[in-house]
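Peer 1: Okay, predicted coordinates and the sequence, questions at the end:
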Amino acid sequence: MSMRVTVSAVQFGHRPLSSFEEFAAQVEGHVALAKDFGSQLICFPEYMTAALLSIDGDDALDLDRWDRWTGPYVQLMQELSRRFDLFILGGTHLAREGERHYNTAYLFGPTGEVVTQRKLHLTPCEIDPWRLATDDVVRVIETPIGKLAILVCFDIEFPEAVRAAVDGGADIILCPSATDDRAGFYRVRYCALARAVENQVYVVHSALVGRLPRVRFFEQSYGRSAVISPCDVPFARDGIVAEGEWNQDLVVTGVIDLERLQEVRTAGSVTPRLVRRASYPVATVAFGG
């Protein structure tokens, strides 16, 4: 297995659509560009399929309206993964399973396989009015280009979720996200940087951008995608391997080195994975007054 991997994070600019073919052409354009840059893995953002709701109405609250696009979306991503011979994290889609809906991330492989990871922690609108269900398992996905885990947006803000993935062998965390303002974006970005440092792991952060003025909860999306590394001598000093420009529809590509990652885990400037503790007793000390 090659230890150097070229990865791309998409800043997917959603906008009102007139057809599924328009959506497919936009997605294919990003995949083709990533392939031109030599990418082996491309990550799209959370809720990238929200723009499909604008084709025949704008009611994001009607969960059944998301269902009509599940089949075409999965078929499109499988076909692109095969044709361009790369792994595609197709962002997330609001998908029905039985009687419940989940915010589900789909990883598509070039031989046709699909692995899913449902979101673990819900934001307020996902709790009410959507009443989504959650996953309880963090999956570590073994691929020819490395071991991956997927933590969707809010999930990256929980250190124990990333630690579970890394303890399970993950070297790359894929973080598709959707945030509608600067504060929301930086909650995710700062946590992604922290998780990369404390776990000595790469994070691919893919942000949704653009506007859907008539689709509830997606009136505007704000962010910039990045490939993130630990902060240590062999890596970028600020932990940013590559980063896009604010709120543009574009592809961000960088090269990560999994062999170098293994080296710093045992012989880096600091070695948090070697000295961390599983738990800490707490002592309350009265002082003053």
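Peer 2: Yes, it's here. Numbers count the residues shown, from 1 in each chain.
Peer 1: where does the stretch 151-289 of the chain dip in pLDDT?
Peer 2: Along the stretch 151-289 of the chain, the model assigns pLDDT under 70 to no residue.
Peer 1: can you pull out the helices in it?
Peer 2: In the stretch 151-289 of the chain, the helices defined using DSSP state H, counting those that start in this stretch lie at 159-167, 182-199, 258-267, 272-275.
Peer 1: Restrict the shortest one to CA atoms and write it as CSV.
Peer 2: If I follow you right, that is helix 272-275. Taking Å, rounded to 0.1, in the frame of the first residue of the first chain, the C-alpha atoms of helix 272-275 are listed here in CSV:
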residue,chain,number,x,y,z
PRO,A,272,-0.2,12.6,22.9
ARG,A,273,-1.3,9.1,21.9
LEU,A,274,1.5,7.6,24.1
VAL,A,275,0.9,9.6,27.2
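Peer 1: Give the buried residues for it.
Peer 2: Of the residues in helix 272-275, R273 count as buried by neighbour count, 16 or more other CB atoms under 10 Å. (Glycine included, C-beta is placed from N, CA and C.)
Peer 1: For that helix, which outside residues touch it?
Peer 2: 166, 197-200, 265-266 (CB atoms under 8 Å, 6 or more residues apart in numbering).
Peer 1: thinking again about what came up before, the helices of the stretch 151-289 of the chain: which one's closest to R211?
Peer 2: Across those, R211 has its closest neighbour in helix 182-199 (15.0 Å, CB to CB).
Peer 1: for that closest one, which positions count as buried?
Peer 2: 184-185, 187-189, 191-199.
Peer 1: And those residues, which is closest to A9?
Peer 2: A192 (10.8 Å).
Peer 1: check contacts around the closest one.
Peer 2: Going by CB under 8 Å, 6+ apart, A192 touches 156, 173, 175, 203, 205, 226, 228.
Peer 1: Next one: it from E142, what distance?
Peer 2: Separation of A192 from E142 (CB to CB, to the nearest Å): 22 Å.
Peer 1: Over to E259?
Peer 2: Plainly put, E259 is 17 Å away from E142 if you go by CB to CB.
Peer 1: on that earlier part again, looking at the buried residues of helix 182-199, point me to the pair that's furthest apart.
Peer 2: Counting by CB to CB, the most remote pair of the buried residues of helix 182-199 is G184 and N199, 22.7 Å apart.
Peer 1: ok so, going back, go through the buried residues of helix 182-199 and say which is closest to Y73.
Peer 2: Using CB to CB, V188 is the member of the buried residues of helix 182-199 that sits closest to Y73, with 23.1 Å.
Peer 1: which ones are touching the closest one?
Peer 2: With CB under 8 Å, 6+ apart, V188 has these contacts: 153-154, 156-157, 175, 177, 179, 205, 207, 223.
Peer 1: one more time with 7 Å, if that's ok
Peer 2: V188 makes contact with 153, 156, 177, 179, 205, according to CB atoms under 7 Å, 6 or more residues apart in numbering.
Peer 1: residues contacting the nearest residue to it once chain neighbours are set aside?
Peer 2: Counting by CB to CB, 6 or more residues apart in numbering, S177 is the residue found nearest to V188 once chain neighbours are left out, at 4.8 Å. By CB under 7 Å, 6+ apart, the contact list for S177 reads 45-46, 153, 188, 205-208, 223.
Peer 1: Make JSON lines out of the residues you listed and add distance to E28.
Peer 2: Listed next are the contacts of S177 as JSON lines, based on distance: CB to CB, whole Å:
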{"residue": "P45", "distance to E28": "16"}
{"residue": "E46", "distance to E28": "20"}
{"residue": "C153", "distance to E28": "24"}
{"residue": "V188", "distance to E28": "27"}
{"residue": "H205", "distance to E28": "22"}
{"residue": "S206", "distance to E28": "17"}
{"residue": "A207", "distance to E28": "20"}
{"residue": "L208", "distance to E28": "18"}
{"residue": "G223", "distance to E28": "22"}
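Peer 1: pLDDT weak spots in the stretch 1-150 of the chain?
Peer 2: 1-2, 58-60.
Peer 1: What segments of it are helices?
Peer 2: 20-36, 63-67, 70-84, 124-127.
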